[in-house]
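[1] Just the structure for this:
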Amino acid sequence: ASFREMTEGTDQQNQKQNSKEKTIMKVATTDEMGRILALYMKQNNDSQEILSAIYPYLNADPQTEIPFDMSELKEYAKEFRKSFPEYSFEMSMVTQMLAYFLTEAQEDSDDEEFDETKEIITAYMSDMMDYCKIYNVKSFHNNPFIRNISFKEQENEDYKLCYQYMRPYELGAYGLPERVPASIIDIVKLGCFTQKVKFPTLCPKNKEDDRLIGVDPMTIFTNESYIKNTEGKVLVLGCRMGYFAYMASLRKKVESVTIIERDTSIIDLFQSAILPFFEHKEKIEIINADPIEYLRNVEDGKFDYCFVDLCADLCDIESYFAAKEIGRQWNKTQIEYREERAFAAVIATQVMLEISRLYCHDGGEDDSLEFLFLESTDLERKVYRYACKLFKNENIETPEQFVNVLEPENIISRIDQTQIIFDEV
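    Residues are numbered from 1 along each chain as shown. Predicted coordinates:
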């Protein structure tokens with residue numbers, strides 16, 4: 001079915017007020033465009049089904065017991081290998097963990113919904129396994145931060161500094177979802193150890209704050225490429241546990257590391273329990289200030305490199321844009337943003353919705369599909385408006401142009417070049 005047919009019927013139920021600003025994005029309303037739109041919308045839905053089914057079980061509460069028999073799981077893995085000998089025993093164990101997640105998900109959904117999720121995950125299982133990692137325990141223990149930072153567990157009014165554990169074959173994400181070009185699906189990048197491993201964490205004591213600030217495989221893998229770019233005078237927005245600052249301070253090319261952190265409770269624990277283990281404490285300066293306000297007053301060239309580590313989820317996208325709107329004016333200081341590709345993917349989804357809306361209305365200005373697939377929070381509406389404005393001059397006539405517009409690198413390039421201010425859309 002074409003995208004137009006897929007959305008027929010919901011159109012009348014989702015009437016919204018007309019946009020204050022008209023878009024001039026142009027979208028061809030050919031059958032070929034309809035087919036690619038339908039494909040992408042299905043793949044986007046499949047991605048969300050996979051993420052929602054798996055994420056609740058990924059190292060969610062390291063202090064709880066895993067509610068299954070490990071010896072029984074190993075027997076299942078041995079049986080699995082008889083049919084799929086190309087998988088190692090360790091990878092076979094991962095498949096059985098995923099099967100366990102599905103079983104758990106079944107308890108929270110009706111039979112029809114579960115069958116659909118199971119079918120989707122099964123279809124993309126091969127792609128998911130291609131991105132799966134079995135972590136090397138020795139390599140993890142040899143990471144300089146893990147090896148050298150050995151604090152005693154302690155706490156203050158807001159945080160507890162402690163050690164938590166990943167148990168054998170307990171899966172955790174080690175990076176942002178990766179888009180597989182062949183299937184246009186966002187694959188969850190999963191990994192596990194084959195034995196129990198502890199890692200340092202900073203846990204908020206406020207039960208409503210579900211952040212887990214830790215130096216785990218996710219932290220190590222996602223920071224690796226940025227650390228290699230540090231040199232000279234380095235500015236870090238956001239302290240966390242000091243992992244990025246520590247690793248940067250070890251580099252001979254790095255002269256100094258200035259950390260900007262607004263939370264005094266994090267600063268206190270960092271200075272008392274973690275900083276004393278730094279080999280190059282003389283390189284470190286930590287300043288208690290609002291990172292964005294501080295950045296606004298930094299002259300381009302004062303630092304050689306700036307790393308923005310303020311963002312954890314969609315709720316932090318405003319911090320990303322605030323930093324981006326300053327950084328894109330710089331020519332002398334290199335600035336990079338953790339999680340930038342994740343935010344680009346969020347914007348790409350909004351662009352796809354706008355293209356779909358225009359296609360369904362033959363390029364007209366009817367706004368009835370404006371928030372068809374959104375929860376419609378104020379922030380989501382704002383991201384949608386920003387995405388529309390970012391591509392308002394786009395003329396999409398072919399499927400190839402459609403695919404190119406949605407590429408994260410293209411989104412990031414557009415944001416770098418535009419003068420649109422997120423707070424003003």
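
[2] List the buried residues in stretch 38-58.
    By neighbour count on 16 or more other C-beta atoms under 10 Å, the buried set for stretch 38-58 is 38, 40-41, 43-44, 46-47, 49-50, 53-54, 57. Every C-beta, even on glycine, is put in place using the N, C-alpha and C of the backbone.

[3] Name the SS class of residue 191, please.
    strand (DSSP: H, G, I helix; E, B strand; the rest coil).

[4] shaky segments in the stretch 151-300 of the chain?
    By pLDDT under 70, the weakly predicted segments of the stretch 151-300 of the chain are 181-184, 210.

[5] What are the boundaries of the helices in it?
    217-227, 243-249, 264-269, 291-296 (DSSP state H, counting those that start in this stretch).

[6] what helices or strands is the first one leaning on?
    Going back to what we said before, that points to helix 217-227. Here helix 217-227 touches strand 172-173, helix 243-249, going by 3 or more C-beta pairs under 8 Å, 6 or more residues apart in numbering; DSSP states H and E.

[7] tell me the most buried of the ones you listed?
    Most buried of the helices and strands packed on helix 217-227 by mean neighbour count (mean count of other C-beta atoms under 10 Å) is helix 243-249; its value is a mean of 24.

[8] Looking at the chain, which helix is longest?
    Secondary structure of the chain per DSSP state H: the longest helix is helix 31-54.

[9] Heading C-terminal from that one, find the next helix or strand.
    helix 70-83 (DSSP states H and E).

[10] Quick one: residues contacting residue 131.
    When contacts are counted by C-beta atoms under 8 Å, 6 or more residues apart in numbering, residue 131 touches 178, 187-190.

[11] between the residues you listed, which has the most around it?
    Greatest neighbour count in the contacts of residue 131, by other C-beta atoms under 10 Å, goes to residue 188: 26 neighbours.

[12] ok, now how distant is residue 279 from residue 251?
    12 Å (C-beta to C-beta, to the nearest Å).

[13] Residue 283 reaches residue 257, doesn't it?
    Yes: contact status for residue 283 versus residue 257: in contact at 5.4 Å, counting by C-beta atoms under 8 Å.

[14] which residues do the two both contact?
    With contacts taken as C-beta under 8 Å, 6+ apart, the residues that reach both residue 283 and residue 257 are residue 249.

[15] Among the two, which residue is more densely surrounded?
    Set residue 283 next to residue 257 and count neighbours by other C-beta under 10 Å: residue 257 wins out with 27 against 20.

[16] Residue 236 is in contact with the more buried one, correct?
    Yes: with contact defined as C-beta under 8 Å, residue 257 counts as touching residue 236 (6.3 Å).

[17] so what sits against both of these two?
    With C-beta under 8 Å, 6+ apart, residue 257 and residue 236 have common neighbours 245, 248.

[18] hang on, the earlier thing: name the nearest of the buried residues of stretch 38-58 relative to residue 93.
    Residue 93 lies nearest to residue 57 out of these, by C-beta to C-beta, at 14.8 Å.

[19] leaving aside the residues next to it on the chain, what's closest to the closest one?
    residue 101 (4.9 Å; C-beta to C-beta, 6 or more residues apart in numbering).

[20] From residue 53, how far off is that neighbour?
    Taking C-beta to C-beta, one finds residue 101 at 6 Å from residue 53.

[21] Compare residue 279 and residue 251 (neighbour count), which wins?
    residue 251 (17 against 11).

[22] who's in contact with the nearest residue to the more buried one once chain neighbours are set aside?
    Distance criterion C-beta to C-beta, 6+ apart; nearest residue to residue 251, sequence neighbours excluded, is residue 230 at 5.9 Å. Counting by C-beta under 8 Å, 6+ apart, residue 230 touches 248, 251, 253-254, 305, 307.

[23] Mind telling me the two of the residues you listed farthest from one another?
    253 and 307 (14.4 Å).

[24] higher neighbour count, those two?
    residue 307 (25 against 13).

[25] my hunch is that that one is in a strand, does that hold up?
    Yes: according to three-state DSSP, residue 307 belongs to a strand.

[26] Next, count neighbours for the closest residue to it other than its chain neighbours.
    Distances taken as C-beta to C-beta, 6+ apart place residue 236 nearest to residue 307, at 5.1 Å, with adjacent residues excluded. The local packing of residue 236 (other C-beta under 10 Å) involves 25 other residues.

[27] same check, this time on residue 97
    The burial count for residue 97: 20, using other C-beta under 10 Å.

[28] contacting residues around it?
    By C-beta under 8 Å, 6+ apart, the neighbours of residue 97 are 73, 169-171, 192.

[29] The same query, at a cut-off of 10 Å, please.
    Contacts for residue 97 (C-beta atoms under 10 Å, 6 or more residues apart in numbering) come out as 54, 57, 66, 68, 73, 77, 169-171, 190, 192.

[30] go on, residue 308?
    Under the contact definition (C-beta under 10 Å, 6+ apart), the residues listed for residue 308 are 226, 235-238, 291-292, 295, 319-320, 322-324, 326-327, 335-340.

[31] thinking again about what came up before, can you redo the buried residues of stretch 38-58 as TSV with distance to residue 139?
    Listed next are the buried residues of stretch 38-58 as TSV, based on distance: C-beta to C-beta, whole Å:
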residue	distance to residue 139
38	44
40	38
41	40
43	34
44	35
46	33
47	30
49	33
50	28
53	30
54	25
57	25
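
[32] and the residue of the chain lying at maximal distance from its centre, what does it touch?
    In the chain, residue 82 marks the outermost C-alpha relative to the chain mean, sitting 35.7 Å out by C-alpha atoms, centre = their mean. Contact partners of residue 82, counting by C-beta under 10 Å, 6+ apart, are residue 92.

[33] Also residue 332?
    Counted by C-beta under 10 Å, 6+ apart, residue 332 has contacts 299-304.

[34] Recalculate using a threshold of 7 Å.
    300-301 (C-beta atoms under 7 Å, 6 or more residues apart in numbering).

[35] wait, residue 270 sits on residue 245?
    No: between residue 270 and residue 245 there is no contact under C-beta atoms under 7 Å: 8.9 Å.
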